[in-house]
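> sequence? don't have it. structure:
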């Protein structure tokens, strides 16, 4: 887990540049793992650490969840105004991302009053999807879990090129929002 | 004394064969004179056991004039089939005879030549080109009386009914959905108390055997309600002063039907207004209201075998119209069998207080839990009614035995588990069969360009056929390569008031050959769905196929908090069966095999039956 996190950290460093590197060095503190939903929910300020959910490698199978996903805590821009977007972009960019190749997050809008996050993915999200029911679960759950660490997000609506779709792979209905998956043991990230 | 009816056949002029020949000639002429006769005959009605057989893909006339039918019809003749190759099915008859038959794919169904297949299974065949109707009947093959034992053999299992008649004394056996296959005959019986055996075709669907007796005798039926070997044990040591009622099956050979309208695939009405094979139950209003009162003086029950029970109702009073005086019928909610005696009274004072308790069967195989009685008034008459409270779907028959000196009648109500027996409590159930994916949604890609959607449709159709054979009403969310939105699939169950929802999928995960096995998913922590999934998984685990069973899982494992859409949105008990991994070489090979597909489908249906039977 440590080596995997380190690898990702390096990957994110390269992607985000010197500013992120400086922030990461300064932070040097505890990795705030995904987060929240205890009663009352504990919320901590965003400090650049986010958790993404990627497909477990062969050496990670023992620590993967039932869908073969493993949580990775990485560092993104701690000054980012939209931590949820930073996390999703990092998820998309990860080499072990379950999201279909070429997927881009065109827009993200979070309604603070309702907790609904509306994600508008590029058409590759649907067009390049290939796999079975397990892969469909991996894709959707990785997004639901990644968003679940943010205190302001309760549900997620998937859009493809601005439009709702029936389903990604034929087992989960995407015409309506899905609840995000929250880790009830950790504090949520304000965002 | 043995009658071998086959031996008589060659020596006689069989009018029916003449009719068949004429029909064939007419068919030929029609083909020759009509531009598109095939289209005109595309919907052929198949009559088996006196009723139209339901098929989702109707029998049809092929280009060469051959009538083709879904191979599933062999189940109606007591046989079964398995896929034995790319173009053959292996058919096994009720007597164990096996033969191969080539098939054509029509809407992914196995269509086999009807005439040759039916004849191989021992059926007499009649083709009516004027009504595009094909009638199959069992042949009466043999009847014999040996040492007080009557044996009657038919070419495949049939329903039958027995009764005794007096003046003169006779024992009558009516065989439904049967063909005499030879001229009517009267044969001397080499037996001290059976003088003759007479045979005849009572009506187009019923063969009657009459044993002329020298005096009234007891007899007991030792065979099931539906059989190809009717067995009667005669007892001459006693007279009918305390008659043993005949165990006289003559059930209605149809599965229970739901009251609501459901899509019955490609069923057309039988040509006759009254389907042969049904017990003729005269309307109660036919009884003359001025007849002297009849009294029920005794009600008893007994267990004949582990799955056959009898309730014997004895009346006092006139016996002249015994057959006309009763009316038996099934009622639902709760399930019960009502038996009315017209213009009658109840006189059970001697034992009324204890009968109900005493009548309660106590063994685990009981088909009913109590018997009760009371008076029912109608505008025409006041009737005594006996009610049998049922625990299982049943078929029944009523036989009448006059008591000596015209002193009364003994009505024997024989009940047996319905045609598919213990495994057929899904009869009449509406079941949504949902082949996953379809159309633009191909599902997981398998080897050789075959997608998940292909496997799911093939298996789902086998599930559908097995359900039809069990008397259920399956409704497919798709029957071809069509895209159906997820919401529409579960909505079909809601719109049709479905009893169960079964979704068929295959999985794919990770690298090639990294995962294998089948899994049955239930929704969330729903206990009913979980029990259903467990039941199906248990059956899948017993299959002799290379795909290993991986048990059951909650769909929350796949999609935490929401589960699979089709399960979440189905109010009826629902499961999703992942039949194997298409990216596993071994699983994929098995999933491609029609024989394995059939096994999986029958395992799913068997699991559903088990579950329903335990409800």
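Structure received. Please read all numbers here as calculations on a predicted model, not as lab measurements.
> can you give me the strands in chain A?
A:43-44, A:49-55, A:69-75, A:105-111, A:116-121, A:155-160, A:178-179, A:188-189 (DSSP state E).
> How about the residues of chain B by chain A?
Within reach of chain A by Cβ under 8 Å from any Cβ of the partner chain, chain B has these residues: B:436-437, B:441, B:443-445, B:452, B:485-487, B:505-510, B:515, B:553, B:557-562, B:564-566, B:569, B:576, B:578, B:581-583. For glycine as for every other residue, the C-beta is placed from the backbone atoms N, C-alpha and C.
> coming back round to it: out of the strands of chain A, which is closest to chain B?
Closest approach to chain B among the strands of chain A (Cβ to the nearest Cβ): strand A:178-179, 5.3 Å.
> can you give me the offset of that closest one from its chain's centre?
Taking the mean of its C-alpha atoms, strand A:178-179 sits 14 Å from the chain's own mean (Cα atoms, centre = their mean, to the nearest Å).
> Establish whether that strand and chain B are in contact.
Yes. Residues of strand A:178-179 are located near chain B by Cβ under 8 Å from any Cβ, namely A:178, A:179.
> now swap in stretch A:164-172 and tell me
Yes. With Cβ under 8 Å from any Cβ as the measure, stretch A:164-172 is seen reaching chain B through A:166, A:167, A:169, A:170, A:171, A:172.
> Now tabulate the strands of chain A in a markdown table and tack on mean neighbour count and mean pLDDT.
As requested, these are arranged in a markdown table below (neighbours: other Cβ atoms under 10 Å in any protein chain shown; pLDDT from 0 to 100):
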| stretch | mean neighbour count | mean pLDDT |
| --- | --- | --- |
| strand A:43-44 | 16 | 72 |
| strand A:49-55 | 26 | 93 |
| strand A:69-75 | 22 | 92 |
| strand A:105-111 | 16 | 96 |
| strand A:116-121 | 20 | 97 |
| strand A:155-160 | 20 | 97 |
| strand A:178-179 | 19 | 96 |
| strand A:188-189 | 25 | 70 |
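> Quick one, grab the pLDDT at residue 26.
Defaulting to chain A. Per-residue pLDDT puts residue A:26 at 36.
> Chain B was what I was after
At residue B:26, the model reports a pLDDT of 45.
> Any idea how many residues pack against residue 169?
Answering for chain A, as no chain was given. Residue A:169: 27 surrounding residues under other Cβ atoms under 10 Å in any protein chain shown.
> Not quite, go with chain B.
Residues near residue B:169, counting by other Cβ under 10 Å: 17.
> And the one 10 residues further on, by the same measure?
By the criterion of other Cβ under 10 Å, residue B:179 has 24 neighbours.
> my guess is it meets residue B:207, correct?
Yes. Between residue B:179 and residue B:207 there is a contact at 6.9 Å, judged by Cβ atoms under 8 Å.
> what are the bridge partners for residue B:188, then?
Beta bridges link residue B:188 to residue B:196, judged by DSSP bridges.
> Might one say that it is in contact with residue B:195?
Yes. Judged on Cβ under 8 Å, residue B:188 makes contact with residue B:195 at a distance of 7.1 Å.
> So residue B:330 versus residue B:600, what's the distance?
Distance from residue B:330 to residue B:600, counting by Cβ to Cβ, to the nearest Å: 34 Å.
> With neighbour numbers in mind, choose between those two.
Counted by other Cβ under 10 Å, residue B:330 and residue B:600 do not tie: residue B:600 has more neighbours, with 28 against 16.
> Doesn't that one lie inside a helix?
Yes. Counting by DSSP: H, G, I helix; E, B strand; the rest coil, residue B:600 is found in a helix.
> hmm, back to that, which neighbours do residue B:179 and residue B:207 share?
Residues within reach of residue B:179 and of residue B:207 at once, by Cβ atoms under 8 Å, 6 or more residues apart in numbering or on different chains, are B:140, B:201.
> hang on, residue B:487 in a strand?
No. The assignment for residue B:487, made by three-state DSSP, is helix rather than a strand.
> Once you drop chain neighbours, what's closest to it?
residue A:173 (6.2 Å; Cβ to Cβ, 6 or more residues apart in numbering or on different chains).
> In a markdown table, list the strands of chain A along with distance to residue B:390.
Output for these, formatted as a markdown table (distance: least, Cβ to Cβ, whole Å):
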| stretch | distance to residue B:390 |
| --- | --- |
| strand A:43-44 | 62 |
| strand A:49-55 | 55 |
| strand A:69-75 | 52 |
| strand A:105-111 | 57 |
| strand A:116-121 | 53 |
| strand A:155-160 | 49 |
| strand A:178-179 | 46 |
| strand A:188-189 | 58 |
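> So which of the ones you listed is nearest residue B:68?
Between residue B:68 and these, the shortest gap by Cβ to Cβ is with strand A:155-160, which sits at 45.3 Å.
> quick one: that closest one near chain B?
No. Judged by Cβ under 8 Å from any Cβ, strand A:155-160 stays clear of chain B, getting no closer than 10.6 Å.
> What lies in contact with that strand?
Applying Cβ under 8 Å, 6+ apart, the set of residues contacting strand A:155-160 is A:114-123, A:125-126, A:140, A:143-144, A:147, A:164-165, A:168, A:174, A:176-180.
> So if I had to pick from residue B:188 and residue B:195, which one is more boxed in?
Looking at residue B:188 and residue B:195 with other Cβ under 10 Å, you find the greater number of neighbours at residue B:195, namely 17 against 11.
> The more buried one is in contact with residue B:212, isn't it?
Yes. Residue B:195 is within contact range of residue B:212, at 4.6 Å (criterion: Cβ under 8 Å).
> No further questions, thank you.
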